[in-house]
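Peer 1: pasting a predicted model and its sequence here:
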Amino acid sequence: MKNEKKIDNISENLDSALMNHNIWRSRCINLVASESILWDSTNPMEYKDLSRRAILGVPGQRYSEGGKYIDTIEQITDELLKDVFKAKYAEWRPISGSIADAILIHAFTSVNDKIVATPTPLGHPTWHESGYSGFRGLKITDTPYNWETLEPDYERLAYLTSEQNFNLLIEGSSLILFPPDFSKLKKSVNEVPIWYDGAHVLGLIIGNEFPNPLNFGIEAISGSTQKTMAGPLGGVILTNNGELYNKIVFTTSNDMATPDY
């Protein structure tokens, strides 16, 4: 009886906390940039059973049965993302933007590779020694930056990449005054592959209010789905590079993520 009463109390406390949270959120204005308004059509209750499905693999190549309609959902999601971002390939399974970062770091690099990344506090911590790049054993150099305009110093970057052999450049910031000059960025890195983290501008890219990096030959875009896209929490990766996409799918399917509906 003691345990039953304890469980009942826990359940009541959880229900009360959830109710109070929803009431509170309905009465305030959210000023957190990384949390947008959720689309009305995104009703979590409709996905209650989906949230419990452990469906590994990709449509048509599953490790278990029972995913017929999940295949349809994933295929629609894939085609929609490719359409709105004008991309050849899309990976939407990362459960957060941070996990999307981890997937791309693994897809782009090998242990002991050298990369250039947007310096903190502008760039994401996962790109540096304390994050996934450090766990990967990468040698990290800060991108030279113009701290007045908060964009790369393209001349210094060109010199840096001409003097050293880098395997990847990661560009992207949560503090943006103006879009980067993607054409100039591409020319300044001496054929080093570029991945752009567009977590805070994905919705603007879709709405043609921010340049689409893929149009300038940038190898990949990553980001979060709950910021300017106004979807549920998740991550997304876009690319036009088929070889890179195969590495992304392999890493996602085997190491990093399963669908979170």
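Peer 2: Cool, the structure landed.

Peer 1: how about the helices of the stretch 51-200 of the chain, start to end?
Peer 2: For the stretch 51-200 of the chain, helices defined by DSSP state H, counting those that start in this stretch occupy the ranges 68-85, 97-108, 132-135, 154-163, 182-188.

Peer 1: would you list the ones you listed in TSV and tack on distance to Thr239?
Peer 2: For the C-beta atoms, the positions are set from N, CA and C on the backbone; glycine is no exception. Converted to TSV, those look like this (distance: least, CB to CB, whole Å):
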stretch	distance to Thr239
helix 68-85	10
helix 97-108	9
helix 132-135	18
helix 154-163	21
helix 182-188	15
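
Peer 1: columns mean pLDDT, distance to Glu35 and mean neighbour count on top of those helices, output as TSV?
Peer 2: As requested, those are exported to TSV (pLDDT from 0 to 100; distance: least, CB to CB, whole Å; neighbours: other CB atoms under 10 Å):
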stretch	mean pLDDT	distance to Glu35	mean neighbour count
helix 68-85	92	21	14
helix 97-108	93	12	25
helix 132-135	89	23	18
helix 154-163	95	32	16
helix 182-188	95	27	18
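
Peer 1: nearest to Asn22, of these?
Peer 2: helix 97-108 (24.7 Å; CB to CB).

Peer 1: still on that earlier bit, to Ala54, which of the helices of the stretch 51-200 of the chain lies closest?
Peer 2: Taking the helices of the stretch 51-200 of the chain one by one with CB to CB, helix 68-85 is closest: 10.8 Å.

Peer 1: what packs against the closest one?
Peer 2: strand 89-91, helix 202-206, strand 235-239 (3 or more CB pairs under 8 Å, 6 or more residues apart in numbering; DSSP states H and E).

Peer 1: for Asp8, which of those is the nearest?
Peer 2: Closest among the helices and strands packed on helix 68-85, once you apply CB to CB, is strand 235-239, at 37.7 Å.

Peer 1: where does pLDDT dip in this protein?
Peer 2: Low-confidence segments of the chain, defined by pLDDT under 70: 1-2, 40-48, 254-261.

Peer 1: neighbours around Lys88, how many?
Peer 2: Per other CB atoms under 10 Å, the neighbour tally for Lys88 reads 13.

Peer 1: how near is Gly123 to Ala199?
Peer 2: Distance of Gly123 to Ala199, given as CB to CB, to the nearest Å: 11 Å.
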